[in-house]
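> Here is my input, please return the structure:
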Amino acid sequence: MSFGRRSGLPDVEAMTPIVLVVTGRVTRAAVPGLCAELESLLYDPEGAVRDPGAGVDCDVGGVVHVDLALVEALARLGLVARRAGGRRLRLRNVPPELQSLLDLVGLADVVDVGCGAAGNEA
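So this is what the prediction gives:
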């Protein structure tokens, strides 16, 4: 019995991910702007999807206040990512409070939070 070798590194994307950095305090008023910013990263000026194979990462390490407004923003950003070719939004530098809140409201399966927790970055 023999096993074929996988090409490339396991769980490593061939393309550089698209990264949105969220900092400060996220309010509900800021959510449409964040969604527009992500859309500008995902689509070219003609409306075609850029880099269809690239992942979508959201760095939340600079967020200073974790609340439901932030959770709402992440849920909406996740929808924007999915509409751009079925991509999943992956979170980087997730504070423990945000991880707990996402678990509590049942959104931990909507966004991937395994992309490095705060203080746990590899």
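> For the helix or strand harbouring residue 36, list every residue counted as buried.
Assigned by DSSP states H and E, residue 36 belongs to helix 31-42. Buried residues in helix 31-42, counted by 16 or more other C-beta atoms under 10 Å: 31, 34, 35, 37, 38, 41, 42. C-betas here are computed from N, CA, C, even on glycine.
> Format those as CSV; extra columns: pLDDT and distance to residue 80.
Shown next, in CSV, are these (pLDDT from 0 to 100; distance: C-beta to C-beta, whole Å):
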residue, pLDDT, distance to residue 80
31, 97, 11
34, 97, 9
35, 97, 5
37, 97, 10
38, 97, 5
41, 96, 10
42, 96, 7
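> any weak-confidence spans in this structure?
Scanning the chain for pLDDT under 70 picks out the ranges 1-14, 114-122.
> Show me where it has its helices.
31-42, 68-83, 96-105 (DSSP state H).
> any chance of the ones you listed in JSON lines, plus distance to residue 59?
Output for these, formatted as JSON lines (distance: least, C-beta to C-beta, whole Å):
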{"stretch": "helix 31-42", "distance to residue 59": "12"}
{"stretch": "helix 68-83", "distance to residue 59": "12"}
{"stretch": "helix 96-105", "distance to residue 59": "12"}
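> of all the ones you listed, which lies closest to residue 90?
helix 68-83 (8.9 Å; C-beta to C-beta).
> Return the list of helices and strands in contact with the closest one.
Judged by 3 or more C-beta pairs under 8 Å, 6 or more residues apart in numbering; DSSP states H and E, helix 68-83 is in contact with strand 18-24, helix 31-42, strand 56-63, strand 89-92, helix 96-105.
> Tell me which of the ones you listed sits most buried.
For the helices and strands packed on helix 68-83, average neighbour numbers computed from mean count of other C-beta atoms under 10 Å are highest in strand 89-92, which has a mean of 23.
> got a list of contacts for that strand?
17, 19, 55-61, 74, 77-78, 81-82, 98, 110-116, 121 (C-beta atoms under 8 Å, 6 or more residues apart in numbering).
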